[in-house]
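Peer 1: Mind folding the following:
(one chain, ligands or ions: 2)
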Amino acid sequence: MTFRSRREKLRFILSGSDCVRPGSVYDAISIRIAEDLGFPLGMFGGSVASLAVLGDPDITLITLTELAEQMRRMSRAATLPVLVDADHGYGNALNVRRTVQELETAGAAGLTIEDTLLPAAFGEAKTQLISLEEGVGKMKAALDGRSDPWLVIMGRTGAASITSLDDTIGRARAYEATGVDALFFTGIKSRAELEAIAAATRLPIVLGGAPDELNALDYLAGQRVRIALQGHAPIAAATQAVDDTLKALREGTPPKNLKGLASSELTGRVMREADMKARSADLLGLKK
Ligand SMILES: O=C([O-])CC(=O)C(=O)O
Ligand SMILES: [Mg+2]
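Peer 2: Ligands and ions are numbered 1, 2, ... in the order given. You can find the predicted model right below:
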């Protein structure tokens, strides 16, 4: 399978002048739905990976193998470009290199490597960062691990909510100097902070969760923000739907009276049923 066109699409977004919202995706069903609805990009967050694959919170219990396998399933199911949250790269800088190799072959269009100290250190309740030097090493390792030059590598920091604005800018500039393709920030609290960061850097910006004053897409686009996340509502909606449905069944509701189920039309579309029927006709000698 070739993934070049997916990566080109992500690069096109980053080099454009608009700010887009990605669809939060986490499995074969969600990526197909996001693709059908016309999202320009999927975001595969570490939190939703942990939830979808393990049913666990976002505390780095998931392994690289599990993350890459889930990405591979999504790559097979759809052609939507996906930006993967590769956390800290699953270890030190050498592990980062391996992470990039695995996610590249799994079909990611892009990935983020962050400078958060993960998993959490013993006796430390608060999130910590690795040193700037180690962060730079991780970005270099990520670039070194890439064999398809179209794969997008983003340097990510949450320093804005952990250390300071100055530290955020220092890290962003140092990561930028390694040759990464974009900068991903979480924890930016105000327009003033974003504007200071945008003025001190030159790469395209991706914003993780942001407060209301950082929601207007035209404003964000003017600050070089090309992708702005909107959380992960789809998996929360799916969880609620499963809870509602199982609860109703447990209470004795007959299946035909259940509310909120996907229609057979929607399920058929998600399953790409028409394509499968055509293939069955051709390959298995069945009627269309
Ligand atoms: O990348 C994102 O969508 C935000 C994040 O870190 C996560 O959900 O794990
Ligand atoms: Mg994450």
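Peer 1: Hmm, residue 56 and residue 50 touching each other?
Peer 2: Yes: counting by CB atoms under 8 Å, residue 50 touches residue 56, with 4.9 Å between them. Every C-beta, even on glycine, is put in place using the N, C-alpha and C of the backbone.
Peer 1: which parts of this protein sit against ligand 2?
Peer 2: 46, 85 (CB under 5 Å from the ion).
Peer 1: which neighbours do residue 50 and residue 56 share?
Peer 2: Taking CB atoms under 8 Å, 6 or more residues apart in numbering as the criterion, residue 50 and residue 56 both touch residue 62.
Peer 1: Check which helices and strands the lengthiest helix in the chain sits against.
Peer 2: For the chain, the longest helix by residue count, based on DSSP state H, is helix 233-250. For helix 233-250, the elements it packs on are strand 23-24, helix 28-36, judged by 3 or more CB pairs under 8 Å, 6 or more residues apart in numbering; DSSP states H and E.
Peer 1: do the first one and ligand 1 meet at all?
Peer 2: It refers to strand 23-24. No: using CB under 6 Å from any ligand atom, strand 23-24 never reaches ligand 1; the gap is at least 6.9 Å.
Peer 1: following the helix or strand encompassing residue 68, which helix or strand shows up next?
Peer 2: For residue 68, the element it lies in under DSSP states H and E is helix 64-77. With elements assigned by DSSP H and E, the helix or strand that comes after helix 64-77 is strand 82-85.
Peer 1: Other residues contacting the helix or strand following that next one?
Peer 2: Counting by DSSP H and E, the next helix or strand C-terminal to strand 82-85 is helix 93-105. The contact list for helix 93-105 (CB under 8 Å, 6+ apart) reads 3, 64-65, 67-68, 71, 84, 86, 88-91, 111, 113, 134, 137-138, 140-142, 144-148, 151, 153.
Peer 1: ok, and which of those residues reach ligand 1?
Peer 2: Within the contacts of helix 93-105, nothing lies near ligand 1 by CB under 6 Å from any ligand atom.
Peer 1: Which residue, other than its chain neighbours, is closest to residue 45?
Peer 2: Distance criterion CB to CB, 6 or more residues apart in numbering; nearest residue to residue 45, sequence neighbours excluded, is residue 85 at 4.9 Å.
Peer 1: do you know how far residue 144 is from residue 100?
Peer 2: Residue 144 sits 8 Å away from residue 100, going by CB to CB, to the nearest Å.
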